[in-house]
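Chemist: Everything below, folded, please.
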Amino acid sequence: MKSVLVLGGTGFIGRHVCEKLHREGWNITVPTRRAINAAPVQHLPRVTVIETDVHDSGHLLDVLSGHDAVVNLVAILHGSEDDFERVHVELPLSIAEACAADGVRRVVHFSALGASLDGPSRYQRSKARGEEVMRGSGLDLTILRPSVVFGAGDRFLNLFARLQETFPIVPLAGAQARFQPVWVEDIASAVATCLRDHTLRVSNVNETIECAGPDVFTLAELVRIAGRYGSQQRPVWPLPAFLARLQALAFELAPGQPLMSRDNLDSMSVDNVATGQYPGLATLAVTPSSVLSVAPTYLGQRGGRSQLLDYRHSAGR
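Modeler: Just a heads-up that it's a prediction; the model follows:
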C-alpha cells in the first residue's frame, strides 16, 4: 500500500484531500504543529498525525522518510513579505531538497490562479516564486492552480452567509472582482487522480493545471448566492476604492486573522479565472460542479454567529 505525506492536511482543503485519499487506500501522514488541529482527520484509520514543524528542514526530512509521494497544501492569505517568502517559497525549496535527499519523486504542489512574478500582490508573486522553485527541482511534479475553493466547512461562502445573518447590509470591497470558484471535492478528486498510477491518456506529470469551476461570478454575485442559500440575503454595498482600502486596513488592525487585507485587494485587481493557457480539470477526468448546484446542500447549516467569531480568532486557512 502506498503512502503519502500531506502538508497542510489539517486545513479546509487538506481535510477533504485526506478523506479522498483514505477512501482510495492510501496511508497518509499529516504533520502539524499541534495535534489538536488534526482532529477532523484523526478518526481516519489510515491517517497518522505527527506533531512537528515542517519549516524545520531536519524535521521535514525525518517526517518525509518512507513515503512515496508528497502533497503540499501549505499556504497563507495574509502576512508580511517575509511571511509569504517563508511559507510559499522557502518551504517548497525545503520540500524539494528533502525529496532529493530521500529519493521521493512524486509531488503535487498547490499554487493559485493568478500566480505571477509581476502580479499585483505579495501573495501572487510569492506563489509564482514557489512554482519556480518546484519546477527547478527535477521532481515528478504536478502544480495545481485553484481559484477560490468552496464547500462544506469553507471560510468563503459560509463567511458571507454568516455576515448576512449579523448585519443589515454588506459593505463589500472588490465587489466586481471575478472568480471561477471550484468545489473542494473536485480538488480532492484531482489530487487523487494525480497520485494514481498513470492510467490517463495524458500524463499529468510536469503539468500545471488550472482548477476552476464551470461558472464565473463577481464577488458581489457570490455574496448574494451565499445569502440566498443561507438564512438571510442582505443588500450588497460595493465600496469605492478608497473606502475599500480603509476597510481592509481596519480589518488588518483588528485582533485575530483578518477578514480582508490590502494585499487581498491587490490580488482582486486581476480576475481569478482560468486563462486557458494551461490544461483544466478535464485533464484529470474531473467534471467540475457549480456553486449553484452544491452551495444549497451545505449553506444554512452552520451554527450561527459564534462561528464568525471563531473565524476572527483562527490562524490560517
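Chemist: Pull out the buried positions in the host helix or strand of residue 292.
Modeler: Taking DSSP states H and E as the criterion, residue 292 maps to helix 291-294. The neighbour-count check on helix 291-294 (16 or more other C-beta atoms under 10 Å) flags 291, 294 as buried. Backbone N, C-alpha and C define where each C-beta goes, glycine included.
Chemist: Stretch 270-280 now?
Modeler: 270-274, 280.
Chemist: nearest to residue 37, of those?
Modeler: Closest approach between the buried residues of stretch 270-280 and residue 37, by C-beta to C-beta: residue 272, at 27.2 Å.
Chemist: before we move on, back to that, taking the buried residues of stretch 270-280 together, which two end up most distant?
Modeler: Farthest apart among those - using C-beta to C-beta - are 270 and 280, which lie 18.7 Å from each other.
Chemist: Just give me how far the helix holding residue 292 sits from the chain centre.
Modeler: 19 Å (C-alpha atoms, centre = their mean, to the nearest Å).
Chemist: Pull the residues that contact it.
Modeler: 150-151, 157, 181, 183, 213, 215, 217, 222, 225 (C-beta atoms under 8 Å, 6 or more residues apart in numbering).
Chemist: and the buried residues of stretch 270-280 as a markdown table, adding distance to residue 48?
Modeler: Below are the buried residues of stretch 270-280 laid out as a markdown table (distance: C-beta to C-beta, whole Å):
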| residue | distance to residue 48 |
| --- | --- |
| 270 | 40 |
| 271 | 40 |
| 272 | 35 |
| 273 | 38 |
| 274 | 35 |
| 280 | 33 |
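Chemist: Mind checking which of these are in strands?
Modeler: Among those, no member is found in strands (DSSP state E).
Chemist: Kindly reformat those as JSON lines containing distance to residue 172 and pLDDT.
Modeler: JSON lines is the format used below for the buried residues of stretch 270-280 (distance: C-beta to C-beta, whole Å; pLDDT from 0 to 100):
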{"residue": "270", "distance to residue 172": "18", "pLDDT": "96"}
{"residue": "271", "distance to residue 172": "17", "pLDDT": "95"}
{"residue": "272", "distance to residue 172": "16", "pLDDT": "97"}
{"residue": "273", "distance to residue 172": "19", "pLDDT": "97"}
{"residue": "274", "distance to residue 172": "24", "pLDDT": "97"}
{"residue": "280", "distance to residue 172": "28", "pLDDT": "97"}
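Chemist: Not counting its neighbours along the chain, what's nearest residue 215?
Modeler: Among residues not flanking residue 215 along the chain, residue 290 sits closest, at 5.3 Å (C-beta to C-beta, 6 or more residues apart in numbering).
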